[in-house]
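In: Got a predicted structure here, sequence first:
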Amino acid sequence: MLPMRKIGDPVLREKCKDVQEIDAGVRRLIRDMEETMIAAGGRGLAASQVGVLKNLFVYDSGHGIRCVINPEIVEAEGEEKSEEGCLSIPGVVVNVNRAKRIKVKCKTHTGYSIVMEPGGFLSRVFQHEYDHLNGVLIIDRCDAEERRRAFALLEEIDMAKKSLIS
């Protein structure tokens, strides 16, 4: 299992670099990320969330865990606001506007170039993880009031942890 990076870690604000070759190291990273996502109870996990600036993420489609490499959102349509949480911002849920449907060009873990058109919840997962690959967090996508509430909650959580330690 890999250590999860949390809000405040500068790596979460960096843009990931494209994967040039899907070698043994990348395949090992994918397996480790799958294990980490399962242990954390997440539906998606970007490489930057475990401190690796590679342009890939894993997700749980409900039909097994999959990997997306070098994704590019080429089309987006519709819009809906819904609550989102994030493994890198534990305990915080904010309302985020996302496209209802997207079209994504990417590579699979075996190196095949494909085009995917996830809709519904899966579209939201893809957009969330795609944001991570570009250094964007859910708190950047919500309105000012939601952001203030999120930071206040993070401060409360931090203070509670400190009181448990002392």
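Out: Good, I have the coordinates.
In: can you tell me how far Glu79 sits from Ser123?
Out: Going from Glu79 to Ser123 by Cβ to Cβ, to the nearest Å gives 11 Å. Where C-beta positions appear, they are placed from N, C-alpha and C, glycine not excepted.
In: Settle it for me: which of these two has more neighbours?
Out: For Glu79 and Ser123, the more surrounded residue by other Cβ atoms under 10 Å is Ser123, and the numbers stand at 24 against 9.
In: neighbours around the closest residue to that one other than its chain neighbours, how many?
Out: Once its chain neighbours are removed from consideration, Ser123 has its nearest residue in Ile102; the separation is 5.2 Å (Cβ to Cβ, 6 or more residues apart in numbering). For Ile102, the tally of surrounding residues (other Cβ under 10 Å) stands at 23.
In: Where does the prediction get shaky in the chain?
Out: Residues of the chain that meet the criterion pLDDT under 70 lie in 163-166.
In: any idea which residue sits dead centre in it?
Out: In the chain, the C-alpha closest to the average C-alpha coordinate belongs to Glu129, at a distance of 3.0 Å (Cα atoms, centre = their mean).
In: Just the buried residues of the strand or helix carrying Phe126, please?
Out: Using DSSP states H and E, the secondary-structure element containing Phe126 is helix 120-133. When burial is assessed from 16 or more other Cβ atoms under 10 Å, helix 120-133 yields the following buried residues: Leu122, Ser123, Arg124, Val125, Phe126, Gln127, His128, Glu129, Tyr130, Asp131, His132, Leu133.
In: Got the phi and psi for the closest residue to Glu80 other than its chain neighbours?
Out: Nearest non-adjacent residue to Glu80, counting by Cβ to Cβ, 6+ apart: Lys100, 5.4 Å away. Main-chain dihedrals, Lys100, degrees, to the nearest 10: phi -70, psi -40.
In: tally of neighbours for Glu155?
Out: Around Glu155 sit 10 other residues, with neighbours defined as other Cβ under 10 Å.
In: Could you measure from it over to Ser123?
Out: From Glu155 over to Ser123 the distance is 32 Å, taken as Cβ to Cβ.
In: Please name the strands paired to the strand ranked longest in the chain in the sheet, noting orientation.
Out: For the chain, the strand with the greatest residue count under DSSP state E is strand 65-77. Here strand 65-77 has these sheet partners by DSSP bridges: strand 56-60 (antiparallel), strand 101-107 (antiparallel).
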